[in-house]
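Peer 1: here is a sequence with its predicted model. Questions after.
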Amino acid sequence: MAIGLFFGSDNGTTTEVCNKVAKELGDVQLFDVANATKEQLEGFDKLILASSTWGDGELQSDWESFAETLKGVDFSKKTVALIALGDSDSYSDTFCDALADLKAIAKGAKFIGETSTDGYEFESSKAVENGKFVGLAIDEVNQDDLTDERIKNWVAEIKGKF
C-alpha cells in the first residue's frame, strides 16, 4: 500500500524536500495540504506529514486550515512519520517546532522516524523529546549540504517500519 505524504510549502523548499523523500522511498503519493481533503488523508494507513516552520515556531499557513478539517480523524491505526524544515540560525529557539505541531495533529498514531539532534546547532525546540527530534529536521538555510544525506539515512530507517 502506498504512503501518503501531505505537505505544506510557501516558497517551494518543503516541496523539494518532499519530492526527494518520495523519490528515495518509492510508492509515495504527494498531496499539498492547500488542496488536499480529509478523505484523501483517511485513505492511507501510512502517512508522512511535512511542514516548514514559520515565525515563532508556527506551522506553514495551509496546515492551519487543513488541521481544522482533520479534527475527528482516527489516527490510532495509522503509522506516521514527520518532517519539518527550519532555520537554526535565525530561529534557534523555535527550530523545527512544526514537528511538534504535526505530532499533535496526528495524536494517537504510531510514530516512527525520530532523529538525533547531533550535528544541529540550535537553542531549543519543542520537537525534541528524550534527546531526539520527533521526526526529520531539515535546515535548508544553514545546512543544505547535509539534506540529501539526512533524507537518505532517515528513509533507510523508516522504510522497514512502514
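Peer 2: Looks like it arrived, so ask away. Numbering: from 1, shown residues only.
Peer 1: each with direction, which strands does the lowest-mean-pLDDT helix or strand in the chain pair with?
Peer 2: Using mean pLDDT, DSSP states H and E, the weakest-scoring helix or strand in the chain turns out to be strand 58-59, at a mean of 92. Paired strands of strand 58-59, with direction, are strand 46-54 (antiparallel) (DSSP bridges).
Peer 1: give me the mean pLDDT for the strand it pairs with.
Peer 2: Strand 46-54 comes out with an average pLDDT of 96.
Peer 1: what angle do the helix or strand hosting Leu5 and strand 46-54 make?
Peer 2: Here Leu5 sits within strand 3-8, counting by DSSP states H and E. Counting by axes from the mean of the first three to the mean of the last three Cα atoms, to 10 degrees, strand 3-8 lies at 20 degrees to strand 46-54.
Peer 1: need the residues that contact the next helix or strand along the chain from strand 3-8.
Peer 2: Counting by DSSP H and E, the element after strand 3-8 in chain order, helix or strand, is helix 13-25. Residues outside helix 13-25 that contact it (Cβ atoms under 8 Å, 6 or more residues apart in numbering): 3, 5, 7-9, 28, 30, 32, 48, 50-52, 60, 83, 85, 136, 138, 140, 147-148, 151-152, 154-155, 158-159. (Glycine included, C-beta is placed from N, CA and C.)
Peer 1: which SSE is the residue nearest to the spatial centre of the chain in?
Peer 2: For the chain, Ile83 is the residue whose C-alpha lies nearest the centre (Cα atoms, centre = their mean; 2.0 Å). Ile83 belongs to strand 79-85 when assigned by DSSP H and E.
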